[in-house]
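Asks: I would like to see how this sequence folds:
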Amino acid sequence: MTRRRVVITGLGTVNPLAHDVPAYWRALLAAQSGIAPITLFDASAYKVRIGGEVKNFTPAPVIDARAAKRLDRVVQLGMVAADEAIKDSGFDVSKADPFRCGVIIGSGIGGLAEFESGHHDLLNPAKGPNRLSPFIIPKMIANSAAGNISIRYHLQGPNTTVSTACSSAAHAIGDAMRQIAYGFADVMVTGGTEAAITPMGLGGFIACRALSERNDDPAHASRPFDAGRDGFVLAEGAGILVIEELEHAKARGAKIYAEVVGCGNTADAYHITAPHEDGAGAAAAMRAALAEAGWNPTDVDYINAHGTSTPLGDVAETKAVKHVFGDHAKKLMMSSTKSMIGHLLGASGGVEAIACALSIQQGKVHPTANLTQQDVAGGCDLDYVPNVARDARVRRVLSNSFGFGGHNCSLALAAV
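Replies: Numbers count the residues shown, from 1 in each chain. Predicted structure coming up:
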């Protein structure tokens, strides 16, 4: 079978910086921060009280008030981002074969707020097990976003959900790419969504000792590759893309942002939360993406780093890049979107793929914010595009996503 080419034709996001893609991109280039004190619930008793919330979010007019009550926030975020992506693509689903159009969405946790609310009702003597909401299960299941997007837009082709922690959205994009590349679909809606800034979500990550405790300076709390980094910042949001077969897109006159040409998928097989100290699994994922794309390491211009701002993770990723790229590692540009929006867990790969597509289209690389004292002594000695956006000819890009469980995913995107 001849492998078909897959391109990105639509982008949509809601995240801590913005409620749409143009505003998101402007904020990234300006090195703005979306991190602030948590307001979704009273976090005063918590050791960490900052996060990347989607501020002033409302699902209207995409979702009406009655329907919104039946959807967890994770689904609402995903559906609003999907609506922007589909509109941006200009694709008219009503004129297509619905069985050739599908949805693959990633989410690391799913409807955590609904789970917590339902458990509270279960233990409440005034309610208990016989008065639980019939919407608990449909709202909390991780595949609810993919299911609801497919229902809304009548997309009857391949429909699955990926849950590989913080690499979920990247894996979803890779899976969706292959559905098109090997002829099972022509158009796919893909990416990720997450809404884990809840009492249990925040408390759980605090217990893991994974989060930054810079409560007095939230805008500078996420500082990948900086000597002062002390953990990631928990965030929420969604990043959704419309991807389609190249000739299908050209036939309808669609604008094309970039091409998805490869996806590497490996496991560390090392530790449930810590990365392999030498970045072996991450390096293997990048090599696999390069191989599928048909690239040499020297072909790559830019890497959108996983770059979480954790002491171990940033060093391991830097080592992995050096293993793969050798001397070319010093010539590469790398930057971390998470320095401005925090860590969207299973949605990260979606919002970061959007940034990569825009870098290719517009010839600009967003910076790594808050990089004031690069951790050269600790091994973070590459070009992380510190603090100021850069004009650059960007033709070939890798986007890295790594997750708890040792999951590694690297996406290869290229100019068409």
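
Asks: Now do the helices in the chain.
Replies: Listed in chain order, the helices of the chain (DSSP state H) span 21-29, 65-68, 73-89, 112-123, 136-140, 144-153, 168-181, 199-207, 246-251, 280-293, 311-325, 338-341, 348-362.

Asks: Which of those sits closest to residue 375?
Replies: Taking Cβ to Cβ, helix 311-325 is the member of the helices of the chain nearest to residue 375, at 7.3 Å. Bear in mind the C-beta positions are built from the backbone N, C-alpha and C, glycine included.

Asks: tell me the mean pLDDT for that closest one?
Replies: Here helix 311-325 scores 98 as its mean pLDDT.

Asks: Likewise for stretch 251-263?
Replies: Averaged across stretch 251-263, pLDDT comes to 98.

Asks: If we go by neighbour counts, what in it is buried?
Replies: Across stretch 251-263, burial judged by 16 or more other Cβ atoms under 10 Å covers 254, 256-263.

Asks: what are the C-alpha coordinates of it, in PDB please?
Replies: C-alpha atoms of stretch 251-263 as PDB (Å, rounded to 0.1, in the frame of the first residue of the first chain):
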ATOM      1  CA  ALA A 251      -9.100  19.300  -3.700                       C
ATOM      2  CA  ARG A 252     -11.200  21.500  -1.500                       C
ATOM      3  CA  GLY A 253      -8.700  24.400  -1.400                       C
ATOM      4  CA  ALA A 254      -7.900  24.100   2.200                       C
ATOM      5  CA  LYS A 255      -5.100  26.100   3.800                       C
ATOM      6  CA  ILE A 256      -2.300  23.800   5.000                       C
ATOM      7  CA  TYR A 257      -0.300  24.600   8.100                       C
ATOM      8  CA  ALA A 258       2.200  21.700   8.000                       C
ATOM      9  CA  GLU A 259       2.500  18.000   7.300                       C
ATOM     10  CA  VAL A 260       2.600  15.300   9.900                       C
ATOM     11  CA  VAL A 261       5.300  12.900   8.700                       C
ATOM     12  CA  GLY A 262       6.400  10.700  11.600                       C
ATOM     13  CA  CYS A 263       5.700   9.500  15.100                       C
END
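
Asks: so how far is it off the chain centroid?
Replies: Relative to its chain's centre, stretch 251-263 lies at 19 Å (Cα atoms, centre = their mean, to the nearest Å).

Asks: Show me this protein divided up by domain.
Replies: Using automatic domain parsing, the domain parsing of the chain gives 7-251, 262-414.

Asks: ok so, going back, which one of the helices of the chain lies closest to residue 304?
Replies: helix 348-362 (5.0 Å).

Asks: Give me the angle between the closest one and helix 73-89.
Replies: 20 degrees (axes from the mean of the first three to the mean of the last three Cα atoms, to 10 degrees).

Asks: from the chain's centre, how far out does helix 348-362 sit?
Replies: 10 Å.

Asks: Kindly report the same for stretch 371-388.
Replies: The answer for stretch 371-388 is 23 Å, by Cα atoms, centre = their mean.

Asks: can you pull the buried residues of it?
Replies: In stretch 371-388, residues buried by neighbour count (16+ other Cβ under 10 Å) are 371, 374-375, 380, 382-386.

Asks: Let me know the average pLDDT across that stretch.
Replies: The predicted model assigns stretch 371-388 a mean pLDDT of 98.

Asks: who touches that stretch?
Replies: Contacts to stretch 371-388, defined as Cβ atoms under 8 Å, 6 or more residues apart in numbering, come from residues 31, 223-229, 305, 307, 311, 314-315, 318-319, 321-322, 329-336, 339, 365-370.

Asks: so of those residues, which ones are in strands?
Replies: 333-335, 365 (DSSP state E).

Asks: circling back: turn the buried residues of stretch 251-263 into JSON lines, including distance to residue 68.
Replies: Putting those into JSON lines (distance: Cβ to Cβ, whole Å) gives the following:
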{"residue": "254", "distance to residue 68": "31"}
{"residue": "256", "distance to residue 68": "33"}
{"residue": "257", "distance to residue 68": "30"}
{"residue": "258", "distance to residue 68": "33"}
{"residue": "259", "distance to residue 68": "36"}
{"residue": "260", "distance to residue 68": "32"}
{"residue": "261", "distance to residue 68": "38"}
{"residue": "262", "distance to residue 68": "38"}
{"residue": "263", "distance to residue 68": "34"}
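
Asks: Which of the residues you listed fall within strands?
Replies: Per DSSP E, the buried residues of stretch 251-263 map to strands at 258-263.

Asks: what sits against the spatially most central residue of the chain?
Replies: By Cα atoms, centre = their mean, the mean C-alpha position of the chain lies nearest to residue 348, the distance being 1.9 Å. By Cβ under 8 Å, 6+ apart, the residues touching residue 348 are 166, 169-170, 192, 239, 306, 337-338, 401.

Asks: same thing with residue 309?
Replies: Shown in contact with residue 309 (Cβ under 8 Å, 6+ apart): 212, 221-224, 226, 229-233, 336, 338-339, 343.

Asks: Closest one of the buried residues of stretch 251-263 to residue 412?
Replies: Among the buried residues of stretch 251-263, residue 262 lies closest to residue 412 (Cβ to Cβ), at 3.4 Å.

Asks: Tell me the spacing between the residue nearest to the centre of the chain and residue 321.
Replies: Relative to residue 321, residue 348 is positioned 18 Å away (Cβ to Cβ, to the nearest Å).

Asks: go on, residue 386?
Replies: For residue 386 relative to residue 321 (Cβ to Cβ), the value is 16 Å.

Asks: Also residue 157?
Replies: From residue 157 across to residue 321, the span is 36 Å (Cβ to Cβ).

Asks: Between these two, point out the one with more neighbours.
Replies: Between residue 157 and residue 321, counted using other Cβ atoms under 10 Å, residue 321 has the larger neighbour count: 26 against 22.

Asks: What residues does the more buried one make contact with?
Replies: Residue 321 makes contact with 279, 283, 286, 303, 329, 332, 334, 382, according to Cβ under 8 Å, 6+ apart.

Asks: still on that earlier bit, what subset of the contacts of residue 309 is buried?
Replies: Buried members of the contacts of residue 309, scored by 16+ other Cβ under 10 Å, are 212, 221-224, 226, 229, 231-233, 336, 338-339, 343.

Asks: Redo those as JSON lines? Include pLDDT and distance to residue 55.
Replies: Below are the buried ones among the contacts of residue 309 laid out as JSON lines (pLDDT from 0 to 100; distance: Cβ to Cβ, whole Å):
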{"residue": "212", "pLDDT": "98", "distance to residue 55": "19"}
{"residue": "221", "pLDDT": "98", "distance to residue 55": "16"}
{"residue": "222", "pLDDT": "98", "distance to residue 55": "16"}
{"residue": "223", "pLDDT": "98", "distance to residue 55": "21"}
{"residue": "224", "pLDDT": "98", "distance to residue 55": "22"}
{"residue": "226", "pLDDT": "98", "distance to residue 55": "25"}
{"residue": "229", "pLDDT": "98", "distance to residue 55": "24"}
{"residue": "231", "pLDDT": "98", "distance to residue 55": "22"}
{"residue": "232", "pLDDT": "98", "distance to residue 55": "19"}
{"residue": "233", "pLDDT": "98", "distance to residue 55": "14"}
{"residue": "336", "pLDDT": "98", "distance to residue 55": "21"}
{"residue": "338", "pLDDT": "98", "distance to residue 55": "17"}
{"residue": "339", "pLDDT": "98", "distance to residue 55": "18"}
{"residue": "343", "pLDDT": "98", "distance to residue 55": "17"}
